[in-house]
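Q: Sequence first, predicted model second:
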Amino acid sequence: MNIGELNKLRQYYHSIRGIIPVLEEKKGRIDHYSVESISDEVGQLLSDFPGIVPTFDPMKFYTHESSGTRYYDVGGLRSYLSRVIGRLQIEIEQKEDTPVTQRWEFGYVRNPDLRYILERDYAEAQRAFIGECWKSVIVLAGGMIEAILSDLLLTNRGLISSANKSPKNSDVTRWDLADLINVAVELKLVSSGVEKLSHPIREFRNLIHPGNEIRNNLQFGQEESRIALEVLKIVHRDLS
């Protein structure tokens, strides 16, 4: 569940909880107009969060009809709504105890398959950071930055030859992360903060192979992982 969904769940909780004082003012029964508003609210809740609370069946609380108006038992309705509120409270508390991740959209990336991979990997990178899997964070974030900048420079292929920092090999797909960052910054496609912060993740590919990690004496931890996500955040902000 993301932040938006959790906030929506809180809204339902407070909305349904606000119905209880209204029912308490009634004397034993309530007309069908009020019951319809309850039905609409619970129905929308179940549409957004299927199965999260018991379904609402007004006929379970129906008592009688008089002068064309149907009436329902207030005590039964209060009992039902109390169960709904209890379920929502438990769900909210459980979700609040679980770290919430953000969902990013990468609409500036041309390839829809790549966009899906980036969305998936960003969610995984956040979970890895929460789980203190520092190497995984750096590898995921570095790969995402590389993919985004490659796509960006290929989209702006005509500008590449004017960059002083362009490698001799004109095949962007063969460039390493440092080259991608240097050229993208020089062409002002992304802000200079990307270059200034990027040093801890430039060797992210070497982390994939333990032998390279040993030979190059690569060191990484929470701070390097945090910087990797910060660089990704800057790139995403600049291009969104």
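A: Nice, thanks for sending it over.

Q: From Ser82, how far out is Thr63?
A: As judged by C-beta to C-beta, to the nearest Å, Thr63 and Ser82 stand 19 Å apart. Heads up, the C-betas are built off the backbone N, CA and C, glycines and all.

Q: scratch that, Ala228
A: Using C-beta to C-beta, one gets 47 Å for the distance from Ala228 to Ser82.

Q: OK, contacts around the residue lying closest to Lys27 once chain neighbours are set aside?
A: Nearest non-adjacent residue to Lys27, counting by C-beta to C-beta, 6 or more residues apart in numbering: Val74, 7.7 Å away. Residues near Val74 by C-beta atoms under 8 Å, 6 or more residues apart in numbering: Leu23, Lys26, Lys27, Gly28, Arg29, Ile30.

Q: Try it again at 10 Å.
A: For Val74, the contact set (C-beta atoms under 10 Å, 6 or more residues apart in numbering) comprises Val22, Leu23, Glu24, Glu25, Lys26, Lys27, Gly28, Arg29, Ile30, Ser34, Phe61, Thr63.

Q: Among those, which one lies nearest to Val183?
A: Checking the contacts of Val74 against Val183 with C-beta to C-beta, the nearest one is Val22 at 63.2 Å.

Q: what about that closest one, how many residues close to it?
A: When neighbours are counted by other C-beta atoms under 10 Å, Val22 registers 13.

Q: and it, what element?
A: Val22 belongs to helix 19-24 when assigned by DSSP states H and E.

Q: What's the first helix or strand after that helix?
A: Note on helix 19-24: by DSSP H and E, the next helix or strand toward the C-terminus is strand 29-31.

Q: List the pairing partners of that following strand within its sheet, with orientation.
A: strand 69-73 (antiparallel) (DSSP bridges).

Q: Now the strand it pairs with - C-alpha only, PDB.
A: Extracted in PDB, the C-alpha atoms of strand 69-73 (Å, rounded to 0.1, in the frame of the first residue of the first chain):
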ATOM      1  CA  THR A  69     -40.700   5.400   4.100                       C
ATOM      2  CA  ARG A  70     -38.600   2.400   5.000                       C
ATOM      3  CA  TYR A  71     -37.000   2.300   8.500                       C
ATOM      4  CA  TYR A  72     -34.000   0.500   9.900                       C
ATOM      5  CA  ASP A  73     -32.700  -0.400  13.300                       C
END
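
Q: What are the contacting residues of it?
A: With contact meaning C-beta under 10 Å, 6+ apart, strand 69-73 is reached by 26, 28-36, 38, 58-65, 79.

Q: With stretch 148-159 instead?
A: 106, 108-111, 114-115, 118, 160, 163, 166, 170, 172-175, 177, 179-181, 183-190, 194, 232, 235-236, 238-239.

Q: if we can go back for a sec, quick check: the residue nearest to Lys27 vs Arg10, distance?
A: Counting by C-beta to C-beta, the separation of Val74 from Arg10 is 26 Å.

Q: angle of the longest helix seen in the chain against strand 69-73?
A: In the chain, taking DSSP state H as the definition, the longest helix is helix 74-97. Taking axes from the mean of the first three to the mean of the last three C-alpha atoms, to 10 degrees, one finds that helix 74-97 is oriented at 60 degrees with respect to strand 69-73.

Q: For helix 74-97, buried residues please.
A: The neighbour-count check on helix 74-97 (16 or more other C-beta atoms under 10 Å) flags Val74, Leu77, Arg78, Tyr80, Leu81, Val84, Ile85, Leu88, Glu91, Ile92, Lys95 as buried.
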